[in-house]
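Engineer: Attaching a predicted model along with its sequence, questions to come.
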Amino acid sequence: MTGALVGRPFVAGRGEGQVGSGPFAWACFAIGAALLLHLHIALTRAVNWDEFYHYSQIHALARGTLSQPLQTLYTRAFLWVVDLPGTGVDHIILIRLFMLFCVLLTAAAIAGSAARFVDRTTAACCALAYLTAIYVLQHGTSFRFDAPATALLMTSAWIMLRSRLDAWAILGAAALAGTAAVLTIKTALYAPLFVGIAWLRWSEATGKGQVAVRLALTAVVTAAIFAAIFLLHAASLAAGSGGEAISVVSRAGDKMFNLGSISYGRYLLGGALFSLPLTLLILSAPFAIWRAASLSKAEKICLAGYLAPLSSFLFYHNTAPYFYVYILAPAVVACGLSMSWTIQHYGGRLAALVFLLGAGFMLLVEPYNPIDRQRDILRAADRMFARPIAYFDSCALLGRFPKANVFMTPWGTEQYLAGAFPSMEATMAATPVPLVVNDDYMFEAALNGTGPVPQFLPGDLAAIRDTYIPLWGPFWVAGEAIPAGAGEHRFRVRVPGDYTVRDAGVVLNGRAVSPGQVVHLDRGLHAASVPGARAARLIWGNGIRPPAQPDEGGPLFMPF
């Protein structure tokens, strides 16, 4: 494979002799420092709601309930973490170390690909520009499939660009791209990149027919590997995974691709301003490529292919900050010419220093980090509930517990409201859901408010407010608060099971029950009265003991 990665020698105007080893050493030092910043963030930054959801999918695979084959291949790589001690936060941090390796591999692929067009110092600075972009720094090591997919595709492109396209190179590039396609449907956004590389290789070849056959073979092998991995992965999932995959693609296509709609515009503006040097390089890249006398027409087309994925901001919906980890990688390769101009005029040392200082500034303006509270919340859940129970929440905060509703992202909420996913009322009627975790503004409004909440179906909102009472911190359990002196308090039970009487004795369905006693209640209407002067509570579960220390409150997540 090493031999397959050997590209053509640098031509005049791109050779290493133009830039001394000093600036290159500075660029390498800055890359090392940037990777240390990534490591620091991986180990210390609070877990994002997306990371909790991805982690919950690993547990779903372990339980045998995972039914979605697309975009869940990553679960197999990390199935072993569910047996480790510690909380979900600790497990996710461990997984982030693999994401750091993916970021490192992406940086190497960026430098290796850029070195096809510019000198090694400039290529290294391109990798540095990627590593220090604000959203890449914040989310590069997050537990999502963006970092692995980026590493796979950029390495595949590197092989396609720099190799001799022998059998090993074709197999390696195809295996990487095929695996990435199973990881995420966003792989399609990289299509212009691979088309540009194919055009360059064909244009420069002396035996064009032979190269065309090898390129076509690469595409065929990629498709075959994708199909094989997908089918093997889907075959072992819960029943109905094939239909689920078709449904996911159909719904995602309707929502995710919408020409002329720029989503998350505030993040696009914020990313551009906080990573201003990179923004200027990207904006100037088309002009630098067009005017470069040292590039052939085919090379210019190839670099345009590296820039083209940025056009996805015009039609792709899910362009939240973690998307930049994926979409900026090819773009910085195309910035090689504008980066070269910058280094020639200002020096490699200064360029490296500017990128590194920008990354350091990001750490200084980071908001409150609630990672300790996240650990406390998960520990409390593990202590209170000896076995995993079904629950409603926004993002699958309790990864080892089975989440009973859809992931409440804007897209997920829209699909739920449209009837693509079961209502919470229907879910409660089919299976006991004893717990609600108040981990998002919509659940805060539903549980502690009285007005309408547009993110919930009206029937679900009414059922939530009528079924759950506060237990500790963000945890609400099925139960009923019975006012003091109530003669006959009628209530509906939607979660059958054992209930513990708390605070005062009650007469429940004509039977006197003392505090601390456990009674079994089935679904349906029940009646209770409290003869004394103290209010009573019926709390689902057999003697659940909340932590003695009150929850300190505050945010559970860091903003983007």
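Structural biologist: Okay, I see it. Numbering: from 1, shown residues only.

Engineer: where along this structure do the strands fall?
Structural biologist: Secondary structure of the chain by DSSP state E: the strands cover 391-392, 435-437, 468-472, 475-482, 489-493, 497-502, 506-508, 511-513, 518-521, 524-529, 536-540.

Engineer: which stretch among these comes nearest residue 48?
Structural biologist: Taking Cβ to Cβ, strand 435-437 is the member of these nearest to residue 48, at 15.9 Å. C-beta: built from backbone N, CA, C; applies to glycine.

Engineer: And stretch 265-285, end to end?
Structural biologist: 22 Å (Cα to Cα, to the nearest Å).

Engineer: Number the residues from 120 up from this point.
Structural biologist: All right, first residue 120 from here; so that's stretch 384-404.

Engineer: how about it: buried residues?
Structural biologist: 386-387, 390, 393-394, 396-397, 400-401, 403-404 (16 or more other Cβ atoms under 10 Å).

Engineer: that older thread, between the strands of the chain, which one is closest to residue 458.
Structural biologist: Closest among those, using Cβ to Cβ: strand 554-556, at 46.3 Å.

Engineer: partners of that closest one, with directions?
Structural biologist: strand 510-511 (parallel), strand 594-601 (antiparallel) (DSSP bridges).

Engineer: Same list, the ones you listed, but as TSV with distance to residue 613 please.
Structural biologist: Output for the strands paired with strand 554-556, formatted as TSV (distance: least, Cβ to Cβ, whole Å):
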stretch	distance to residue 613
strand 510-511	12
strand 594-601	7
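
Engineer: Can you say which of those strands is nearest to residue 559?
Structural biologist: Comparing the strands paired with strand 554-556 under Cβ to Cβ, the one sitting nearest is strand 510-511, at 10.8 Å.

Engineer: residues in contact with that closest one?
Structural biologist: Identification of contacts with strand 510-511 by Cβ atoms under 8 Å, 6 or more residues apart in numbering yields 517, 520-524, 543, 552-556, 562, 583.

Engineer: Out of the residues you listed, flag the one nearest to residue 295.
Structural biologist: Nearest to residue 295 out of the contacts of strand 510-511 is residue 522 (Cβ to Cβ; 31.8 Å).

Engineer: if I look at that closest one, how far off is residue 551?
Structural biologist: Separation of residue 522 from residue 551 (Cβ to Cβ, to the nearest Å) stands at 14 Å.

Engineer: Neighbour count: these two, which is higher?
Structural biologist: residue 522 (24 against 17; other Cβ atoms under 10 Å).

Engineer: Relative to residue 558, how far out is the residue nearest to that one when sequence neighbours are not counted?
Structural biologist: Closest residue to residue 522 apart from its sequence neighbours, by Cβ to Cβ, 6 or more residues apart in numbering: residue 515 at 4.5 Å. Distance of residue 515 to residue 558, given as Cβ to Cβ: 9 Å.

Engineer: okay, those two: which has more neighbours?
Structural biologist: residue 515 (27 against 24).

Engineer: where does that one fall, phi/psi-wise?
Structural biologist: In terms of degrees, to the nearest 10, the main-chain angles of residue 515 are phi 70, psi 50.

Engineer: which ones are touching it?
Structural biologist: 171-172, 174-175, 522, 526.

Engineer: ok, and the closest non-adjacent residue to residue 508?
Structural biologist: residue 553 (5.2 Å).

Engineer: and the gap between that neighbour and residue 620?
Structural biologist: 16 Å.

Engineer: between these two, which one's more packed in?
Structural biologist: Between residue 553 and residue 620, counted using other Cβ under 10 Å, residue 553 has the larger neighbour count: 26 against 21.

Engineer: hang on, that one packs against residue 506?
Structural biologist: No. At 11.2 Å, residue 553 does not count as touching residue 506 under the criterion of Cβ atoms under 8 Å.

Engineer: what's the burial count for residue 555?
Structural biologist: For residue 555, the neighbour count with other Cβ under 10 Å is 26.

Engineer: For it, list each beta-bridge partner.
Structural biologist: Under the criterion used (DSSP bridges), residue 555 bridges to residue 511, residue 595.

Engineer: these two touch, right, residue 238 and residue 458?
Structural biologist: No. Look at residue 238 against residue 458 with Cβ under 8 Å: they stay out of range, at 10.1 Å.

Engineer: Comparing these two, which residue is more hemmed in?
Structural biologist: Shown here are residue 238 and residue 458; by other Cβ under 10 Å, residue 458 has more neighbours (30 against 24).

Engineer: so what's that one up against?
Structural biologist: Counted by Cβ under 8 Å, 6+ apart, residue 458 has contacts 237, 241, 244-245, 248, 400, 470.

Engineer: a markdown table for the residues you listed, including pLDDT?
Structural biologist: Formatted as a markdown table, the contacts of residue 458 follow (pLDDT from 0 to 100):
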| residue | pLDDT |
| --- | --- |
| 237 | 96 |
| 241 | 96 |
| 244 | 97 |
| 245 | 98 |
| 248 | 98 |
| 400 | 98 |
| 470 | 93 |
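
Engineer: Would you mind putting those into JSON lines with distance to residue 190 alongside?
Structural biologist: What follows is those, written out as JSON lines (distance: Cβ to Cβ, whole Å):
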{"residue": "237", "distance to residue 190": "35"}
{"residue": "241", "distance to residue 190": "35"}
{"residue": "244", "distance to residue 190": "33"}
{"residue": "245", "distance to residue 190": "29"}
{"residue": "248", "distance to residue 190": "28"}
{"residue": "400", "distance to residue 190": "31"}
{"residue": "470", "distance to residue 190": "37"}
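
Engineer: Looking at these, which is nearest residue 659?
Structural biologist: The closest of these, once distances to residue 659 are taken by Cβ to Cβ, is residue 248, at 53.5 Å.

Engineer: Return the set of buried residues in stretch 271-284.
Structural biologist: So stretch 271-284, judged by 16+ other Cβ under 10 Å, has buried residues 271-282, 284.

Engineer: Farthest pair within those?
Structural biologist: 271 and 284 (18.4 Å).

Engineer: Can you list phi and psi of the most centrally placed residue in the chain for me?
Structural biologist: What sits nearest the mean C-alpha location of the chain, by Cα atoms, centre = their mean, is residue 263, with 3.4 Å. Dihedral pair for residue 263: phi -140, psi 180, per degrees, to the nearest 10.

Engineer: quick one on the thing from earlier: compile the contacts of strand 510-511 into a markdown table and extend it with columns for pLDDT.
Structural biologist: A markdown table is the format used below for the contacts of strand 510-511 (pLDDT from 0 to 100):
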| residue | pLDDT |
| --- | --- |
| 517 | 98 |
| 520 | 98 |
| 521 | 97 |
| 522 | 98 |
| 523 | 98 |
| 524 | 97 |
| 543 | 98 |
| 552 | 98 |
| 553 | 98 |
| 554 | 99 |
| 555 | 99 |
| 556 | 98 |
| 562 | 98 |
| 583 | 98 |
